[in-house]
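Chemist: Below are the sequence and a predicted model for it; my questions follow.
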Amino acid sequence: TTPPGGSTAGAGGGAGAGAEGSTEFTDAVKKLVNGRTLQVGFTPPVLSEYYTQMENAAFTRMAQLEDLYGVKWKWEKSSPTGNFNAVEQQISTVQTWTSRKFDVVFICTGANFATMQGVYKNAMNAGTKIFQFNQPVELYPVDQINTVSNIGYDNRTQSGYVAGKYIADTLKGKGKIVQIMGPAGSDWTKARLIGFNQAMSENPGIEVVGTADGGYLRDKGLTAAQDLLTRHPDINAIYGENEDMALGASQAVDAAGLKQWDGSQGIVIVGADGLLSGMDAIRNGKLTATVDVNSVDNAIRMIDTAFQSVVLNNYVPKISNITTHLVTKDTVEAYAAYINGIMAPKKKY
Amino acid sequence: MSIFQRSSRVFAIDGVAVSIVFLIMCVYFAIASPYFLSPDNIYNTFVESVSAVLLAAGLTFVLISGGIDLSIGSNIGLSAAATLFAIMNGAPTLLAVLAGIATGLIFGLVNGAFVAGLGVSDFIVTLATLSIGAGVLQVFTARTQLTGTADSSFLALAGGKIAGIPTGVLITAVILLILEVALIKTPFGRTIYAVGINPNAAYLAAVSVRRTKFSVFIISGIIAGIGGVLLASHLNSVQPGLGGGYELTAIAGCVVGGVALAGGRGSIWRAALGAFFLSILSRGLQLTGVDPLWFSIVTGAAIVAAVAFDRGAQKWLQSTLRPVSPVAAATQNAQ
Amino acid sequence: MNNNENFQSAPAGPGDQPIVSVRGVGKVYPGVVALANVDIDLRPGEIHGLLGENGAGKSTLINILSGTVSPTAGTLRVAGSEVTIGTPRDAQDLGISTVHQEQSLAPNLTAVENIFLGRELITGRNRVAGVLDEKEMRTRVLELAHEFGLTDHDIRVPIEALGALKQHVVQIIKALAFRTQVLILDEPTSGLADHERLTLFSYMRQLRQKGISLLWVTHRLDELFGLADTITVLRDGQLVATVDPAGQTAESLVRLMVGRSNLAAREEIIEEGRVRGFSGARDEVLRLESVTRHPLLHDISLSVRRGEILGLAGIAGAGRTETAMAVLGADRPDSGNIFLHSRPVVIRSPRDARQKGIAYVPEERKTHAILGDFSIKRNITISDLKRTATAGLFLRGRQETATAKRYVSDLGVKTSSVQEKIRNLSGGNQQKVVIARCLFTKPDLIIFDEPTQGIDVGAKAEVYRLIYEFVDQGGAAIVISSELPELIRVSDRIAVMREGTIVGELESTGRDETASETSELGERIISLATRGAVAV
Amino acid sequence: MRPDMSSSLDAPALGNRIERLLAKPGSGLVALLILFIITMTFVAPSFLSLGNWENIANQAVFVLLLALGMTIVLIARGIDLSVGSVMGLSAGVAAFLINQGLIFPLALLAGIGCGLVCGLLNSLMITKLGLPDFVATLAMLGVARGVLFLWTKGTPFTRYMTAEYRIVGGQVKLGGIISVPIIVAIILCILVSLMLRKSVIGRYLYAIGGSPDAARLSGISVSKVKTFAYVVSGGCAGLAGVILAGRATNVAPTLGTGYEILAITAAIIGGAALTGGRGRMVGAVLGALTITLIANAMNIAGVTSEWQQVVTGIILLLAVLLDRITAYFKQRQNRAEIEPSPQQEQESAPSAMPKQALS
Ligand SMILES: Nc1ncnc2c1ncn2[C@@H]1O[C@H](COP(=O)(O)OP(=O)(O)OP(=O)(O)O)[C@@H](O)[C@H]1O
Ligand SMILES: Nc1ncnc2c1ncn2[C@@H]1O[C@H](COP(=O)(O)OP(=O)(O)OP(=O)(O)O)[C@@H](O)[C@H]1O
Ligand SMILES: [Mg+2]
Ligand SMILES: [Mg+2]
């Protein structure tokens, strides 16, 4: 049988209609669902364009499942916003959601791995199922992860390596580059760097001449890029570990009067995230490429996995990887359209 | 004296107004969310607020003396790292605890040496040590995997239970008690207030201002170190940014509790209450399902309301006390 | 409440219509009635003396008139119309200027800036932008400043760099520099040297001539005669009498201030003087040998023995306080030696000094002596907390209170309770508490820096008695005072300082001195202290 | 330890006299900066290039604008923790209104207006409700940030950049010579400096910082002056916000987070004190430049971010230490002369005295 919301969504049909499986199957699932309401909590580490795209994709998929099988959803989002410590807030978010008997918690967090496992364990014992998304679980020992499932991608091979390889290929294996990285100690940064370095070691002609911290923010990325360009005006490429920082670097290149990559020469700027604003920039020649880590599929798979696990009691994979895309000027329209397809969900929860 | 007047005198006991705001808030949350009073939530609330409360209590000493210590944020993180590092490398629990406290002590010594010894701005000095501490913690955690220990005696420091009460909470309560006694009941505590009220006068009145200033930084450092030990035991892991921003939470807690940043006023239990207030507030908001986007707005408003109420109550109280003629009072006094 | 036994009808003033007329004014603080039902009229062109013991309510009345305290009862009329004076600004607008009893200047501003604070001169062209006219402001005060002994340098630096007395002078200039209808002076002469007082008095006369009315508080009754046109006496917050000084003597005024019932006790104290004298071995307690501290102190040598009071005379800025700081260890001398009980010592800090048996009564009460937020009790014990602690560890509240109560009644501090915040006491009573603090440490040597500043006659005598008692029991005292008669009266010897050096040492036989001898001694001191600097 | 410590505690006559003789403010800082710049030229000669100074100036503008406002508030014995959040919110207002089709200059004004209003609210809480400055502005820090979060729902405002805004944001230099933010900063510096030194309100700021009681007794309305200080600080934050929106090209809800600490640090290394009554425009400029310069230099030198924190801390400590050392030598030198030259004292404007840390 084709499980509901299975591979169709994963293949990229998130925006498609809702006809899945046969009528009998649908009816049978409906019976299992029995009009049940799932109380869901969604807690990303920050509020950002990326997670907004995810949320919209999730809504789109939730609405589809509701149409198909009558499952109802109650959605609550919580993300650290204050100046007070982010990690503590997420821990206490999970704890309070557990107290409130949520069925499902989707979480992506910057908190320490081991710390969170204890929190997850307590939650699962109390009957709240935990799903991590977009978490660099590749860095963690799988057997120690206390979640039902982890939906995401391998930051090393599916993000860092892709970006590095693209830069190397574009520069034909020779050139100087600088990196603008996320906050030191961040697991994403660590993982992506492993992949990026892998690509670099495969291309000895490429030299990383400078690194700076851009804190995942555009204005900090701009500042960091400006400083790096002062010392290294002769670089060939900039790797921004996320898109906002890459866009900041793009401004720095413009401000320094340097030329951006036009297909044959100029400075190559590569980011990673897959934001609509990043795609805009690619269209306008302000960003050479980005690694779209696929907010859409991430969210759809997340909803499907939870539905399967909680409602249908299926065995879901502990690690569930989605596809990521390399977006360049040539492919930007397709992926932009893919994201735009979910940005106006039928129903918001 | 009317009953009304007598009851108004109750406010005179320092901090009663804040306590009332605190109680009102708790009652509201208890009504608004059935989970607020659940054993689980109570347990979690206490356990999770231990570090905030401890930091606020240690900081209170510095604030009362008229200073400020921003470094407690990275102090608690680094102390936690030192503790966990020691325990993971096979040190006995006692030694690991000492390692954490020693780390806190080092912060206190450096801050104290610069501020009291050299007389430079405490804001700048502790900001500098905050920054250095945060950097060292990142370097340290990047080089060593502080993934946790299985040493049960160490984990029991914060996670165990005595008579159903979490040990971490018990330890904190004992420390608070000691600090309060030290502040209110000892000559040392008295001189801290004196220095905060008027350092010039205190100096000329034979108080060693420098020694007092030095010791408050030591105390604040050590308490943050103990907080780090408990945090390490509670989390059983240390991440690079641990403790970042705790200093602001602690200061906010103290201020809500009525500790004056200008020095000379405050007490341990009020500071602890203020810190506890803030952590209960954020938990309560989550439990009642308030959109987290509203959190910082509500928190801001609650801080204003609590402090404004406290002030209002004090003023009202002062205006209701019955005047006595100085003559009458003087004769009364002579007897 | 004018049906007082001592009430006498007010003499006909020189003016006609009162400028300021106060009726039935009262002020109630939580727990204290500071002022009750007081009537007072200020006529144009009169100097109106306001007398009362410490805590009688003088400053409260003044604060009401100057808009810093709002009365809880009564009405104020200025130039015939009823007004409310809610802020100092209102008072200024009504033409009322005040020199407050306590230091009230911004320490980080210069004298000129302080004097014009709130009434800045603005350059003509730039009125809108509010650009300051610094030059004009400076020239305007220059003359006045010189007359009061401020140098060009003094008016240019932040006033926190000036000595306490010079700061006080700045405050007076601040009030004199502007055209006002009413000038209120709350103990303006406390701590001033004689020639400065005379300057001030001549200014007061000039102002009177111009039709300005002055309300003047002083504790030095001798000043009043020949200057005050009318005298109002307050006691315990109530009006006792408004009298013509012509019909009064110092004694009769004291009687009015103190009241019949308290009089007997007080007179005894006032008359007592220093009867016994110390009979033990008069060994040396403190000796300074060539103590030098740049840039001010040069070659200071002095000594003081048990049972002896050494007076330090000098004009403002002569270095007397600085000498005290050196003894106290607050400043470390650059060279020279300090001997305690004939043994050379290094005094590292006031705390060290206390451990070595030296205590200090600071000259600037508000900023350097009192711990405003502390209760009287805590202010007394702060210098030696171990004494009220069990095993030096835990404070014993009850014992502390008992100790404090004892000092409060010994020194006659007027307060409702020892738990009262010292900030709420009247100035004179604060001073007594500070002295109590020093006595509590049981020192061998007390340095009194302007000890009777702001203290009423009765209390002054009490302070003298305290000093005498202290030395008679074997203590040594150094008294710094700008009031020469006082200095001559209390001291056994007087060292005169000028510009940071000791320019002479004179024997004084204290109270035994006859009037003519006193003034002769006074003149010698003045000429030593001011040679070449100020013409008297 | 040296007696200079104790002298900061005894009678003001004594302590401050020495303080006055000590050092001009920040002499240690300047010395350190020079040393630092010299070292950097060896590490990376490009550090001294004109282009890099432009970068530094452009980066420093935001901290500088906030530090100017902060200095004013600190002089008046206040503190404004809300500047970072207010900056973010003002940026949001400008960006949002442009997206709504409001003409550009009006949108900018609205952004600045938002800052002014926040400042006004701060001052109302302080003067009318009687809240401590710290509490009021801490609350505003939360509220302004929260409003921006609510408003953006977590997704940055984007696509508001116009050609004019690129100029205002400093991405395009005016006439190819100098960028608008720098011009704005220079103008504001001059205004603030004039205001502090020459105007009545400036005098009042110092007065209420030095002694609120004395100011009140002199007929100054402390609450009005405080209101002025907070409104100016809010306005500076608003101005910084609208410019930052032009530089960052998107307004993330976290925009400006943490800037309050930078601003306070800049003001304090520049000689302002939490205890009020002192601070100067030049100090704010020096402070803002120092902070930016250090970060810039370390990025160029390739110091990783974790070590950057360590180095920044050490530099701060060195700066204050050097200040003390120069002060000590100055003092000794002054003691050597028996008669202090009046010139020397003249230089210490009221604002100029670094209050020793004990108070
Ligand atoms: N803020 C206050 N709170 C409570 N009591 C106060 C306050 N201010 C003054 N008092 C009380 O009011 C009374 C009158 O004080 P006031 O300062 O007017 O006395 P005074 O006549 O000026 O005395 P002195 O000669 O010592 O200056 C005193 O008993 C004092 O304790
Ligand atoms: N380095 C200095 N430069 C200029 N003036 C100085 C210096 N040192 C001291 N003075 C002057 O000395 C005075 C302070 O001396 P000090 O207070 O010891 O004298 P004093 O005789 O006690 O005077 P007062 O009676 O005013 O307290 C101040 O007026 C100050 O102007
Ligand atoms: Mg008085
Ligand atoms: Mg003196």
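Modeler: Ah, there it is. Numbers count the residues shown, from 1 in each chain, chains lettered A, B, ... in the order given. Ligands and ions are numbered 1, 2, ... in the order given.

Chemist: Could you use CA atoms for every contact and neighbour count after this?
Modeler: Will do.

Chemist: D:Ser218 is in contact with C:Pro88, isn't it?
Modeler: Yes: applying Cα atoms under 8 Å as the test, D:Ser218 and C:Pro88 come out as touching, 6.6 Å apart.

Chemist: Not including adjacent chain positions, what is the nearest residue to A:Asn314?
Modeler: Nearest in space to A:Asn314, with sequence neighbours left out and distances taken as Cα to Cα, 6 or more residues apart in numbering or on different chains, is A:Gln308 at 5.5 Å.

Chemist: so the one you found sits right up against A:Met302, yeah?
Modeler: No: shown here, A:Gln308 and A:Met302 do not form a contact pair, counting by Cα under 8 Å, at 9.9 Å.

Chemist: These two: who's more crowded?
Modeler: The residue with more neighbours, out of A:Gln308 and A:Met302 and counting by other Cα atoms under 10 Å in any protein chain shown, is A:Met302; that gives 25 against 18.

Chemist: which residues are contacting stretch A:148-160?
Modeler: Applying Cα atoms under 8 Å, 6 or more residues apart in numbering or on different chains, the set of residues contacting stretch A:148-160 from outside is A:129-138, A:188, A:191-197, A:241, A:272, A:291, A:293, A:298, A:301-302, A:305, A:316-324.

Chemist: What about the residues you listed, which are in strands?
Modeler: Among the contacts of stretch A:148-160, the residues falling in strands (DSSP state E) are A:Lys129, A:Ile130, A:Phe131, A:Gln132, A:Phe133, A:Ala272, A:Val291, A:Ile319, A:Ser320, A:Asn321.

Chemist: The fifth one bridge partners, please.
Modeler: Right, the one you point to is A:Phe133. The residues listed as beta-bridge partners of A:Phe133 by DSSP bridges are A:Ile151.

Chemist: Now for it: which residues touch it?
Modeler: Under the criterion of Cα under 8 Å, 6+ apart, the contact partners of A:Phe133 comprise A:Phe106, A:Ile107, A:Cys108, A:Asn150, A:Ile151, A:Gly152, A:Asn298, A:Met302.

Chemist: Look up how far B:Ala262 lies from it.
Modeler: A:Phe133 sits 47 Å away from B:Ala262, taking Cα to Cα, to the nearest Å as the criterion.

Chemist: ok so, going back, ligand 2: which of the contacts of A:Phe133 is nearest?
Modeler: A:Cys108 (64.3 Å; Cα to the nearest ligand atom).

Chemist: Without its sequence neighbours, what residue ends up closest to that closest one?
Modeler: Take A:Cys108 and drop its neighbours on the chain: the residue closest to it by Cα to Cα, 6+ apart is A:Pro44, 4.9 Å away.

Chemist: and the one you found, how many neighbours does it have?
Modeler: A:Pro44: 26 surrounding residues under other Cα under 10 Å.

Chemist: The stretch 101-250 of chain C against chain B: which residues are in contact?
Modeler: By the criterion of Cα under 8 Å from any Cα of the partner chain, the positions of the stretch 101-250 of chain C lying close to chain B are C:Asp236.

Chemist: Low-confidence stretches in the stretch 101-250 of chain C?
Modeler: Across the stretch 101-250 of chain C, the stretches falling below the confidence threshold (pLDDT under 70) are C:124-129.

Chemist: closest point of it to ligand 1, which residue?
Modeler: Proximity of the stretch 101-250 of chain C to ligand 1 (Cα to the nearest ligand atom) peaks at C:Gly237, 6.6 Å away.

Chemist: from memory that residue sits against C:Asp39, does it?
Modeler: No: using Cα under 8 Å, C:Gly237 is not in contact with C:Asp39; the gap is 11.5 Å.

Chemist: Give me every residue in chain A that's in contact range of chain D.
Modeler: For chain A, the residues in contact with chain D under the definition Cα under 8 Å from any Cα are A:47-49, A:52, A:81-83, A:183-184, A:210-213, A:218-219, A:222-224, A:226-228, A:230-231, A:248, A:251, A:255, A:277.
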